[in-house]
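> Sharing a model prediction with you, sequence too.
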Amino acid sequence: MDKDYIVRATAANHQLRAFAVSSRNIVEEARKIHNTSPVATAALGRLLTAGSMMGSMMKGEKDVLTLQIECGGPIGGITVTADSSANVKGYVNNPNVILPPNAQGKLDVSSALGPGFLNVIKDIGMREPYNGQTHLVSGEIAEDLTYYYATSEQTPSSVGLGVLLDKENFVRQAGGFIIQVMPDTEDEVIDKLEAKLNEVKSVTDMLEKGMTPEDILRYILGDMDVEILETIPTEYKCNCSRERVSRAIASIGKKDLQEMIDEGKPIEVNCQFCGSHYNFDTEQLKELITC
């Protein structure tokens with residue numbers, strides 16, 4: 001299977017900036033780890049796809065982006081984090097949600113989410129992370145991120161995201177694009193972009209035709225002097241480790257740790273992002289107290 005990657009581009013003499021990604025491996029990896037139902041695969045896959053591109057937009061080596069959907073629908077919520085190297089991971093609160101298709105015969109991501117909020121948290125090394133919150137406007141995720149960019153970052157953007165499953169519910173296609181209008185962009189450029197976006201049927205339709213991320217941007221921005229600037233590898237990658245989990249346990253305080261030791265029971269910590277299990281017996285807990 002070809003590796004996932006992001007392309008970053010500019011068009012219309014730097015009046016537009018654009019990103020596109022192929023993310024099939026990322027979404028299939030998430031499906032396998034979490035054993036997600038089809039609609040949960042689509043919802044998580046869309047947010048992971050967006051997270052990979054938005055992570056790659058961050059400048060600092062240690063910057064971390066978190067996309068969090070809090071919602072009232074049966075999926076219960078989605079969390080995705082990404083770093084500036086476009087490593088991304090995520091989980092859904094209820095991976096087993098099953099819903100009938102929507103009126104168009106598609107996976108009903110909107111009903112799975114229901115009403116709720118999108119939180120975008122950027123930890124860029126400042127004292128307090130940046131946190132932007134907007135209402136979910138459709139629950140389809142791409143439209144919700146478009147609305148977030150317009151209201152929280154005052155950056156008119158078009159976000160397209162897609163996940164297509166095969167008959168066995170494995171991920172057949174996944175990818176997306178983000179196109180942003182820079183300040184002082186000419187009206188003619190905006191009109192041209194809007195006209196072209198209206199011709200786009202869906203991201204998965206383009207991927208099914210064999211289009212690469214470069215092809216997608218050339219198709220949308222083709223007559224506006226699109227210039228591909230760089231290619232960025234992206235993957236599903238969890239950075240959990242026994243050492244990190246040990247630090248987290250140690251941080252709960254000596255009193256609580258001593259209570260666990262007195263109970264004499266080993267504890268197990270499970271990573272929500274990758275499903276790894278970490279076991280600590282009472283002797284190992286005692287070592288954490290002395291650290």
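Done, it's in.

> isn't there a helix covering Met211?
No - counting by DSSP: H, G, I helix; E, B strand; the rest coil, Met211 is not part of a helix but coil.

> Local confidence estimate at it?
At Met211, the model reports a pLDDT of 97.

> For it, which non-adjacent residue is closest in space?
Leaving out its chain neighbours, the residue that sits closest to Met211 by Cβ to Cβ, 6 or more residues apart in numbering is Tyr219, at 6.8 Å. Where you see a C-beta, it was placed from the backbone N, CA and C, and this is true even at glycine.

> what's near enough to touch the one you found?
For Tyr219, the contacting residues are 200, 206, 211, by Cβ atoms under 8 Å, 6 or more residues apart in numbering.

> Just after the helix or strand where the second one lies, pick out the following helix or strand.
If you go by DSSP states H and E, Met206 is part of helix 203-208. Counting by DSSP H and E, the next helix or strand C-terminal to helix 203-208 is helix 213-221.

> for the protein, what are the low-confidence residue spans?
For the chain, the stretches flagged by pLDDT under 70 are 1, 291.

> Now do the helices in it.
Applying DSSP state H to the chain gives helices spanning 24-34, 38-56, 109-113, 142-152, 187-199, 203-208, 213-221, 242-250, 254-263, 282-290.

> deepest of those helices, which one?
Highest mean neighbour count of those: helix 38-56, a mean of 28 (counted as mean count of other Cβ atoms under 10 Å).

> so how many other residues sit close to the closest residue in space to Asn279 that isn't next to it in sequence?
Nearest non-adjacent residue to Asn279, counting by Cβ to Cβ, 6+ apart: Glu268, 5.2 Å away. By other Cβ atoms under 10 Å, 9 other residues sit near Glu268.

> these two touch, right, Glu268 and Asp281?
No - the pair Glu268 / Asp281 is not scored as a contact, 10.4 Å apart, by Cβ atoms under 8 Å.

> Now find how far off-centre the helix holding Met206 is within its chain.
Average the C-alpha atoms of helix 203-208, do the same for its chain, and the two points are 19 Å apart (Cα atoms, centre = their mean, to the nearest Å).

> likewise stretch 30-44?
How far stretch 30-44 lies from its chain's middle: 13 Å, per Cα atoms, centre = their mean.

> From the rest of the structure, what touches that stretch?
Contact with stretch 30-44 is made by 27, 45, 48, 75, 78, 80, 89-92, 94-99, 107-109, 112-113, 141, 163, 165, 169-171, 236, 273-275, as judged by Cβ under 8 Å, 6+ apart.
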